[in-house]
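Enquirer: Sequence and predicted model, in that order:
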Amino acid sequence: MRIIDKTAAELAADIREGRLTSVEVTTAFLDRIDAVDGTVKAFLHVDREGALATAREADAAVAAGEATLPLAGVPIAVKDVVVTKGLPTTASSKMLENWIPPYDATIVERIKAARMPILGKTNLDEFAMGSSTEYSAYGATANPWDTGRIPGGSGGGSAAAVAAKMAPLAIGTDTGGSIRQPGAVTGTFGAKPTYGSNSRYGLIAFSSSLDTPGPVSRNALDAALLHEVISGHDPRDSTSIDAPVPPVAEAARLGAAGDLAGLRLGVVKEFSEGADAAEPGVLEAYRAGVDQLVKLGAQIVEVSCPSFVYALPTYYLIAPSEASSNLARYDGVRYGLRAGDDGERGLEEVMSLTREAGFGPEVKRRIILGTYALSAGYVDAFYGKAQKVRTLIKRDFEAAFEQCDALISPTTPFTAFKFGERTGDPYQMYLADLYTIPSNLYGGPGVSVPVGLSEGMPVGLQVMGPVMGDDITYRVAAALETTQEPLLADTAPEISANLRFTAFSEDGK
Amino acid sequence: MSTISREEVAHLARLARLEVTDDELDAFAGQLDVILESMKTLGEVDTEGVQPTSHAVPLVNVFREDRPQPSLPHDDVLAGGPDTAEGRFRVPRILDEEE
Amino acid sequence: MTKLNAYDAAVAAYEPVLGLETHIELDTNTKMFCGCATAFGAEPNTQVCPVCLALPGALPVANKAAVEATIKIGLALNCRIAEWTRFARKNYFYPDMPKNFQTSQYEEPLCEDGFVDVVVDGESYRIEIERVHLEEDTGKTLHVGGATGRIHGATESLVDYNRAGIPLVEIVTRPVPGAGPLAPEVARAYATELRDIVRSLGVSDVRMEQGSMRCDVNVSLNRPGEEWGTRTETKNVNSLRSVERSVRYEVRRQSALLDAGEKILQETRHFHETTGETSPGRSKEEATDYRYFPEPDLAVMEPSRAWVEELRASLPEPPRKRRERLQAAWALGDKEMQSVVNADAVELIESTIAAGAGASGAVKWWLGELSRRANESGAELGALDITPAQVAELQGMVEDGRLNDKLARQVIDGVLAGEGGPAEVAAARGLEVVSDTGALETAVDEAIAANPAVAEKIRGGKHAAAGALIGAVMKATKGQADAGTVRRIILDRLS
Ligand SMILES: [Mg+2]
Ligand SMILES: [Zn+2]
């Protein structure tokens, strides 16, 4: 079995018990990146030296018999919207093309403290605004299952990196589905933790009240292990919850025992009906998954969440409003791009030209939308109203969790679509997050776990839990995994064959 | 919530310090219309007496003690600047107003 | 050339309505939302971090000391302290504001509905406080290439963010009608009272000349019985005196426009210390839409009543009460006390008395000789190189006759010149009253012998003539004799 075929948990054990060194493991993934990323284009920046340096430290620690942390020596990829000291951080925007941060995000500090080598920074839709990575200023990332299709977004780079086995683990961020939807369409596992349970300090802000960093992996246990590395209270984030981290790794192991007896899973009526229903292939795979969960002893209850139908418009008022303010700082004064400064033009014009040149179309669209929603005369009708509807959505969740322990749904209505299929019509793109957005508005956790294929493309099942109930989502997902063909493990050879084929077509790179 | 005009988009762009091309104006005006259409549905929702929600877990009184922490090294501060002089960030002349 | 009415004519025809918006920089150790130090005058951009530079990803955390200070100010201004309050973003682009929004407060300020009473010419005026809220300061922009560092004609600007993020308390009054001709004095009295209150709380050094206290002064005029006129807002008012002058100027300017049947523009104007005039800035017509919304990066605040009461209990005696107490204790008239206050001498006199001097002596030196010295050197009274203890010592030497006023002034020269305390200076410079009566009697006899005519007059009962002989004796003793003693000896001799 190749190093790159192993899970993070297996690699951690091999390193801890001396069967493998972190340098060997890290090198294997760096070589895999060299071999296939020319095609997948998941990475914007690869830090071979830095990763290997950390790997040597991890090996030294093991050699010195230091009690090493759970994932010590296991390499990881980081979404390029998370700030890394001394490593380029662009948010996939021209605005930050040459920016080298002078500080580390809190979760990056924790990754470094855990002695996890950082392989590089992964691609995303500019400032995490999008569902396909097509809005990256540096070109789209390909879906390893079909390089003519999108890997989801905004975190398509992290998901594709894990799917193509260029990294065993990755960091993603989820504002409306940017961890879960890419996970679903690439056959990987993605978790959006409870808002506030993972620090946002150093996460380049898109929508402050929704942004949540979280783990991307090949299975629930790997994600849970990473979750426990990065999670926990951070005094530098005023919205960080000062409470114990839910025991997610323990829950994942419990779920892997394959017993869900006594657990009640709620199916959201509104998602399986009418206009909001998923495409047939997705529904089929999802229902098969539900049947498996029943076989494991789970009890299915139908719950109604009438306000969920308002989640999408609510989200597209709140997120762009906050974004229009969060992105005001990109003005070409203190860092980043400056355009049009010919010595003649005044500051106001130079700022406008800078923002015109630095932002892509989707970012501009949302800045204008948010500016509109906050402008005098509209703020109550839009932003204010949305914050109230958010309360109704929260109540729907709370009522649902009276009747069940977790909610399940398809992660996204459709599988990976072809490049260009939805860029012409923003609204069609927004629909990709139809099922993931409610958890962001509510703040509770949500994970996406692979649940088979539809026409050869991966489908994801979403498990949503109550606020700070992340453990239940991991338990259900891990249980479902026991019923699934381990997608990547089996199809990996095909993926790589496919990739090798396309790779060779690019002069043997 | 009436549909959004080209002029309105231009005004918003100015507010947001975005120099937008005519093509962008046309595109955005159309696209924002579609989005705003869906947002109109919120108008139907009865939120009488409903308190707004801003965060998952509402936290209160989150404070720092008034103890100084190290600032950034001066070189790191200016390193990212597109244009600096005399230890400061240089910007083109400000036409706006007297401060 | 702006046309101005005579002030008296203006206030005869129009009634001014005032409004003051004051920003006060708190002197916390760290900034409002980050741990950067706040030292004044540090090298540019050396007190900045990811948060106050608005680097991508950085997040704010509120400074508890700043919230406490704001609540104290609110309590001292008789405000109601909110039970639920939060920060809001005020969105507009300006290069000295790193995030291009100011973290401030909007509909839910920390403190509301207070008042300050001020007395002008024995008349008491109540200034109602609408709100006291907490926000953050901007950086400083240096305009290069233009004349006198002004923004006009500048070819570029240089920005220093050391000040960006320093806690700023904004205090807004309700409109103040009814001050009539005294409007300028009332505005100044309010600013002075506010300064003294905040200073007494020890939460800011409230130095207008250093910008740690800044006033925006609103003025409108209306004819008696008519509704209030359009107001202008004058910024850059950097001293208490300027507060008064700016109101006076606007009253004269606006009344001239109204007389000419012209409209007052609702606009921001800028005060110029040198000329005492105001000039137009940004007109509110095209005022930007600030797009306020609740700051999602900060938690709401619910100041507990226990906390508020704790702070209330910690408040010092209000300056006004304190002044009344001291005025009585020092037996001063209103005018005298007023000049003590204007001279900023209250603390100085208090500690001089604490050091053992009598009230009248302490007041005499600080308001008299020392104020004169301060004016000469253009320094503040408190900045003189003499301590209250030294003033007390000096007064003591005068009282037990070792110095007379003339010598005392010479001693002050020495002390201010850094030659040491009064006793040392007196010794070093040999400035001691001659108390050896033997020597004095000889000097008197010589004076009498030298002025027989004068002596005759005195024998004849013209005691006033003694002055000439005293003068002669003082001359002979180089002023070191005590005039009283000399007079006594002369009269003994010639009666
Ligand atoms: Mg203000
Ligand atoms: Zn700072």
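Expert: Now that the structure is in, tell me what you want to look at. Keep in mind it's a predicted model, so treat the numbers as computed, not measured. Numbers count the residues shown, from 1 in each chain, chains lettered A, B, ... in the order given. Ligands and ions are numbered 1, 2, ... in the order given.

Enquirer: Show me which parts of stretch C:174-189 are buried, residue by residue.
Expert: C:176, C:179, C:182, C:183, C:184, C:185, C:186, C:187, C:188, C:189 (16 or more other C-beta atoms under 10 Å in any protein chain shown). Using the backbone N, CA and C atoms, a C-beta is placed for each residue, glycine as well.

Enquirer: Of those residues, which are in range of chain A?
Expert: Near chain A, taking C-beta under 8 Å from any C-beta of the partner chain as the test, no member of the buried residues of stretch C:174-189 is found.

Enquirer: Pick the one among those residues closest to chain A.
Expert: Here the nearest of the buried residues of stretch C:174-189 to chain A, counting by C-beta to the nearest C-beta, is residue C:176; it sits at 27.7 Å.

Enquirer: residues in contact with the closest one?
Expert: Shown here is residue C:176, whose contacts under the criterion C-beta atoms under 8 Å, 6 or more residues apart in numbering or on different chains are C:17, C:18, C:19, C:20, C:125, C:127, C:128, C:186, C:190.

Enquirer: same thing but 10 Å
Expert: Contact criterion C-beta atoms under 10 Å, 6 or more residues apart in numbering or on different chains gives C:16-20, C:125-128, C:183, C:186-187, C:190, C:218 as the residues in contact with residue C:176.

Enquirer: Who wins on neighbours among those?
Expert: residue C:187 (32 neighbours; other C-beta atoms under 10 Å in any protein chain shown).

Enquirer: Which pLDDT value goes with residue 40?
Expert: Looking at chain A here, since you left the chain open. According to the predicted model, the pLDDT of residue A:40 comes to 94.

Enquirer: nope, chain C
Expert: The pLDDT attached to residue C:40 in the predicted structure is 87.

Enquirer: now the spatially closest residue to it that is not a sequence neighbour: how far from chain A?
Expert: Distance criterion C-beta to C-beta, 6 or more residues apart in numbering or on different chains; nearest residue to residue C:40, sequence neighbours excluded, is residue C:210 at 6.8 Å. Separation of residue C:210 from chain A (C-beta to the nearest C-beta, to the nearest Å) stands at 25 Å.

Enquirer: My read is that residue C:210 contacts residue C:239, right?
Expert: No - Residue C:210 lies out of contact with residue C:239 (C-beta atoms under 10 Å); the separation is 11.0 Å.

Enquirer: Residue A:399 reaches residue A:304, doesn't it?
Expert: Yes - counting by C-beta under 10 Å, residue A:399 does reach residue A:304; the two are 8.6 Å apart.

Enquirer: Tell me the secondary structure of residue A:18, please.
Expert: In the three-state summary, residue A:18 is assigned as coil, counting by DSSP: H, G, I helix; E, B strand; the rest coil.

Enquirer: Can you name every helix or strand that the worst-scoring helix or strand of chain C on mean pLDDT contacts?
Expert: Every helix and strand in chain C was compared by mean pLDDT, DSSP states H and E; the lowest is strand C:277-283, with a mean of 81. Applying 3 or more C-beta pairs under 10 Å, 6 or more residues apart in numbering or on different chains; DSSP states H and E, one finds that strand C:277-283 contacts strand C:232-237, helix C:240-259, strand C:267-272.

Enquirer: Including mean pLDDT, distance to ligand 2 and mean neighbour count, could these go into CSV?
Expert: Rendered in CSV, the data for these read as follows (pLDDT from 0 to 100; distance: least, C-beta to the ion, whole Å; neighbours: other C-beta atoms under 10 Å in any protein chain shown):
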stretch, mean pLDDT, distance to ligand 2, mean neighbour count
strand C:232-237, 92, 26, 23
helix C:240-259, 96, 32, 22
strand C:267-272, 92, 29, 20
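
Enquirer: Help me confirm that residue C:140 comes into contact with residue C:97.
Expert: No - with contact defined as C-beta under 10 Å, residue C:140 does not reach residue C:97; the gap is 11.4 Å.

Enquirer: gap between the two ends of stretch C:177-185?
Expert: Stretch C:177-185 has an end-to-end distance of 13 Å (C-alpha to C-alpha, to the nearest Å).

Enquirer: Quick one: residues in contact with it.
Expert: Contacts to stretch C:177-185, defined as C-beta under 10 Å, 6+ apart, come from residues C:7-8, C:10-12, C:14-19, C:118, C:120-121, C:123, C:125-127, C:176, C:186-190, C:217, C:219-222, C:224, C:228, C:243-251.

Enquirer: make it 7 Å
Expert: For stretch C:177-185, the surrounding residues in contact (C-beta atoms under 7 Å, 6 or more residues apart in numbering or on different chains) are C:11, C:15-18, C:120-121, C:125, C:186, C:244, C:247-248, C:251.

Enquirer: Pull the most distant pair out of those.
Expert: C:17 and C:121 (19.5 Å; C-beta to C-beta).

Enquirer: just the angle between the least confident helix or strand of chain C and helix C:240-259, please?
Expert: Inter-element angle recorded for strand C:277-283 and helix C:240-259: 70 degrees (by axes from the mean of the first three to the mean of the last three C-alpha atoms, to 10 degrees).

Enquirer: Can you name the next helix or strand after strand C:277-283?
Expert: Beyond strand C:277-283 in the direction of the C-terminus, DSSP states H and E gives the next helix or strand as strand C:293-294.
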